[in-house]
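Undergrad: Provided below are the primary sequence and the corresponding predicted coordinates.
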Amino acid sequence: MLRTDLPQIITDTLPGPKAQEMIQRRKAAIPDPIGCSYPVVIKRGEGAMIEDVDGNKFLDWIGGVGVLNIGFSHPEVVEAVKAQADDYFHGMINVVTHQGYIQLAEKLSAIAPVRGEKKKAFFANSGAEADENAVKIAKAYTKRPNIIVFSGAFHGRTLLTMSMTSKKSYAVGMGPFPDGVYRAQFPYYYRKPEGMPQEAAVDYYMKSITDVFEQCGAADTIAAIIVEPLQGEGGFIPAPIEWIQAVRALCDQHGILLVADEVQSGFCRTGRMFASEYWQEAGVQPDIITTAKSIAGGVPLSAIIARAEIVDAPAPGTIGGTYCGNPLACAAALKVIEVMERDHLAERSCEIGKTVMTRYGELKEKYECVGDVRGLGGMVGIEFVTDKASKTPDKALTGAIIQYCVQHGLMVEGAGTYGNVIRFLAPLVMTDEQLACGLDIFEEAIAVCSKAK
C-alpha cells in the first residue's frame with residue numbers, strides 16, 4: 001500500500017522513460033519561467049508518498065510546499081469533496097449564500113487566535129490573494145496608505161505581493177512596483193551582527209522598524225505590519241517571541257494593525273493549529289491572520305480572519321471574487337480541520353519535529369557544513385555553510401544534497417535568502433518508519449556531497 005511504503009527507485013535513471021517523455025511534453029507546452037528541478041512525474045499520491053509514472057516511489061518532504069499537512073488523497077477529504085460535487089460545484093458568495101462558506105467562516109473565527117471578541121472570516125483562492133486582502137482591509141480600517149514588511153519575507157507573486165516579498169529574484173523584470181511598501185530587518189539571530197550579545201538583538205531589530213518611521217513613512221501613515229510567524233522562503237526562521245511582543249507594543253502605541261501571514265505555517269505545521277498560538281500563549285495576538293496552503297488539503301482556498309470591525313470596514317464590492325470560497329474547497333477545508341483536530345495532528349507535528357530537530361542537531365555536531373538548525377514543530381530548516389566560523393552560505397552544496405536525495409527517493413526543497421537552507425515540510429501523516437528512512441537518506445546525502453566538495 002503506497003501510503004505506508006518506503007522510497008524505492010526501480011528505473012536505471014531518473015527521470016525514467018515515461019517520465020522523460022512527459023517532461024519533454026511539459027517543456028513544449030508550459031512556460032519555462034514556472035520552473036521545475038525535480039525529475040518526478042506523479043501518477044498517484046497517498047499519505048507522504050508519491051508514485052511516478054514509471055513506478056518509482058518517493059517520500060515527499062516538500063508536501064506541495066506546505067499544502068499537504070494532511071497528506072495526499074486523504075480518503076475522508078476525497079469523500080467530502082465528492083459529496084459536495086453531487087449537490088453543486090459552484091456558488092459565488094457575492095451572489096448566493098452557501099452553507100459550507102458560513103460553516104467554515106464560523107469554524108475559523110472560533111479557532112483563530114486573532115484579537116477581538118467578535119471575529120469574521122472571508123475567503124480567497126491563494127496565499128497571495130489572502131495577503132492582498134489583508135492589506136486592503138487594513139488600509140480601509142485605518143485610513144492609512146502604507147505597510148511595513150521584512151527582509152526575507154515571501155508574500156506572493158501578484159504585483160502587490162511581489163513588492164512585499166523581499167527576494168527580488170521572484171520579481172525580475174516585473175516593475176515598477178506599488179509605492180507605500182516599506183521594509184525593516186527581520187530578526188535572523190543566526191546572522192545578527194558579529195559580536196552582538198543576544199540581549200541586545202531585540203532593540204537592534206526594533207530600531208530597524210522605527211527607522212522606517214523616520215526615513216520612509218511616519219508611524220501615523222502605517223496601516224499594518226505584516227509578519228510571518230516563521231519565515232518560509234526566507235529560510236525557516238522563527239520570529240522570536242520577545243521581538244513579537246515588542247512589535248505588538250509598537251503597533252498598539254501607533255494604532256498599527258499586526259498581520260500574521262500564516263499561509264505556510266498554519267494548519268498544524270508548527271505544532272499548533274496556527275503558529276500565532278505561540279504568540280497568544282505569550283500574551284500577544286495579531287489583528288489579522290492570513291492562511292492558505294494546507295487549509296483544504298490541496299483544493300485552492302485561502303482565508304482572512306480578523307475582528308468584525310476590521311473586515312467590515314471596506315466599501316461594498318471591494319472584497320470577494322468569482323471563485324473565493326468555492327463550495328468544493330469549503331467542504332474539503334471543513335473535513336481537513338475535523339481530521340486534524342480528531343487525529344491530533346498538531347501533537348503529531350510536535351513529535352515529528354522533535355525527532356527531526358534531534359537528528360539535525362546531531363548532524364550539526366558531526367558536519368562542519370551544517371551551520372544552524374531551527375524551527376517550530378514539524379516546520380524545520382537546516383542551513384548549510386562552507387564552515388561554522390565564517391557562516392558563508394553554501395548554495396552549491398545545498399543544491400547537490402537536494403539532487404542526491406531525489407535520486408535516492410527523498411524529495412526535499414531549498415529555501416533561504418542565500419539559497420542555502422533545506423526545508424522540512426513533510427506531511428504530518430508520515431509513518432515513523434518513513435521518517436527514519438528519510439532521515440537516513442538525508443544524512444547520507446550530506447556525508448557524500450560534503451565529502452565530494
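TA: Thanks, I have it.
Undergrad: Helices of the protein, start to end?
TA: Secondary structure of the chain by DSSP state H: the helices cover 17-29, 63-66, 75-87, 99-111, 127-142, 159-164, 201-215, 241-254, 276-281, 308-311, 327-342, 345-366, 395-407, 432-451.
Undergrad: Identify, out of the ones you listed, the most deeply packed stretch.
TA: Of all the helices of the chain, helix 127-142 carries the top mean neighbour count, a mean of 24, counting by mean count of other CB atoms under 10 Å. Just so you know, the C-beta spots here come from the backbone N, C-alpha and C atoms, and that holds for glycine as well.
Undergrad: Output that one as CSV - backbone C-alpha positions only.
TA: Once non-C-alpha atoms are left out, helix 127-142 reads as follows in CSV (Å, rounded to 0.1, in the frame of the first residue of the first chain):
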residue,chain,number,x,y,z
GLY,A,127,-2.0,32.9,-0.2
ALA,A,128,-1.0,35.9,-2.3
GLU,A,129,-4.7,36.9,-2.6
ALA,A,130,-5.2,36.5,1.2
ASP,A,131,-2.2,38.8,1.8
GLU,A,132,-3.5,41.4,-0.6
ASN,A,133,-6.9,41.3,1.0
ALA,A,134,-5.3,41.7,4.5
VAL,A,135,-3.6,44.9,3.2
LYS,A,136,-6.9,46.1,1.7
ILE,A,137,-8.9,45.7,4.8
ALA,A,138,-6.1,47.2,7.0
LYS,A,139,-6.0,50.3,4.8
ALA,A,140,-9.8,50.6,4.8
TYR,A,141,-9.9,50.3,8.6
THR,A,142,-7.0,52.6,9.5
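Undergrad: Could you pull up the contacting residues of the most centrally placed residue in the chain?
TA: The centre of the chain sits closest to residue 264, judged by CA atoms, centre = their mean, with a distance of 1.9 Å. Neighbouring residues of residue 264 by CB atoms under 8 Å, 6 or more residues apart in numbering: 65, 66, 127, 228, 230, 232, 293, 379, 425.
Undergrad: before we move on, what about residue 187?
TA: By CB under 8 Å, 6+ apart, residue 187 lies in contact with 201, 202, 205, 237, 239, 240, 243.
Undergrad: Okay, it and residue 208: tell me how far apart.
TA: Separation of residue 187 from residue 208 (CB to CB, to the nearest Å): 9 Å.
Undergrad: And residue 381, by the same measure?
TA: Counting by CB to CB, the separation of residue 381 from residue 208 is 22 Å.
Undergrad: Repeat that for residue 65.
TA: Residue 65 is 28 Å from residue 208, by CB to CB.
Undergrad: what does residue 214 give?
TA: 11 Å.
Undergrad: so residue 73 makes contact with residue 45?
TA: Yes - Residue 73 is within contact range of residue 45, at 5.9 Å (criterion: CB atoms under 8 Å).
Undergrad: Who has more neighbours out of those two?
TA: Shown here are residue 73 and residue 45; by other CB atoms under 10 Å, residue 45 has more neighbours (21 against 16).
Undergrad: ok, now which ones touch that one?
TA: With CB under 8 Å, 6+ apart, residue 45 has these contacts: 2, 51, 60, 68, 72, 73.
Undergrad: Beta-bridge partners for it, please?
TA: Assessed by DSSP bridges, residue 45 has beta-bridge partners residue 50.
Undergrad: quick one: low-confidence parts of this protein?
TA: 453 (pLDDT under 70).
Undergrad: Swap in 50 and give it another go.
TA: When residues are selected by pLDDT under 50, none of them lie in the chain.
Undergrad: hmm, back to that, taking the contacts of residue 45, please make a ChimeraX selection of just the buried ones.
TA: Selecting the buried subset of the contacts of residue 45 in ChimeraX, with 16 or more other CB atoms under 10 Å as the burial test, is done by:
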select :2,51,60,68,72,73
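Undergrad: Among the contacts of residue 45, which one sits closest to residue 279?
TA: Using CB to CB, residue 68 comes nearest to residue 279 of the contacts of residue 45, at 25.2 Å.
Undergrad: which residues touch that closest one?
TA: In this structure, residue 68 makes contact with 45, 48, 60, 294, 297, 298, 427, judged by CB under 8 Å, 6+ apart.
Undergrad: Please list all residues in contact with the fifth one.
TA: Residue 297 makes contact with 67, 68, 70, 74, 77, 332, 333, 335, 336, according to CB under 8 Å, 6+ apart.
Undergrad: Quick check: beta-bridge partners of residue 72?
TA: Residue 72 has these beta-bridge partners by DSSP bridges: residue 47.
Undergrad: I'd say it and residue 43 touch.
TA: No - Residue 72 is not in contact with residue 43 according to CB under 8 Å; the separation is 11.4 Å.
Undergrad: on that earlier part again, show me which of the contacts of residue 297 is closest to residue 370.
TA: Taking CB to CB as the measure, residue 370 lies nearest residue 68 of these, at 26.4 Å.
Undergrad: What distance do you get for residue 347 to residue 442?
TA: Taking CB to CB, one finds residue 347 at 24 Å from residue 442.
Undergrad: who's in contact with the closest residue to residue 221 other than its chain neighbours?
TA: Leaving aside its sequence neighbours, residue 221 sits nearest to residue 146 (CB to CB, 6 or more residues apart in numbering; 4.9 Å). If you count contacts by CB under 8 Å, 6+ apart, residue 146 has them with 180, 181, 182, 216, 217, 221, 222, 223.
Undergrad: Go again with 6 Å.
TA: Going by CB atoms under 6 Å, 6 or more residues apart in numbering, residue 146 touches 180, 217, 221, 222.
Undergrad: now it, which residues is it bridged with?
TA: Per DSSP bridges, the residues bridged to residue 146 are residue 222.
Undergrad: ok, now how distant is it from residue 140?
TA: Counting by CB to CB, the gap from residue 146 to residue 140 is 14 Å.
Undergrad: okay, the contacts of residue 68 in CSV with distance to residue 274 next?
TA: Putting those into CSV (distance: CB to CB, whole Å) gives the following:
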residue, distance to residue 274
45, 26
48, 22
60, 23
294, 11
297, 17
298, 19
427, 18
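Undergrad: which one of those is nearest residue 9?
TA: The nearest one, if we look at these relative to residue 9 and count by CB to CB, is residue 60, at 14.2 Å.
Undergrad: from what I can see residue 430 touches residue 48, true?
TA: Yes - with contact defined as CB atoms under 6 Å, residue 430 reaches residue 48; the gap is 3.9 Å.
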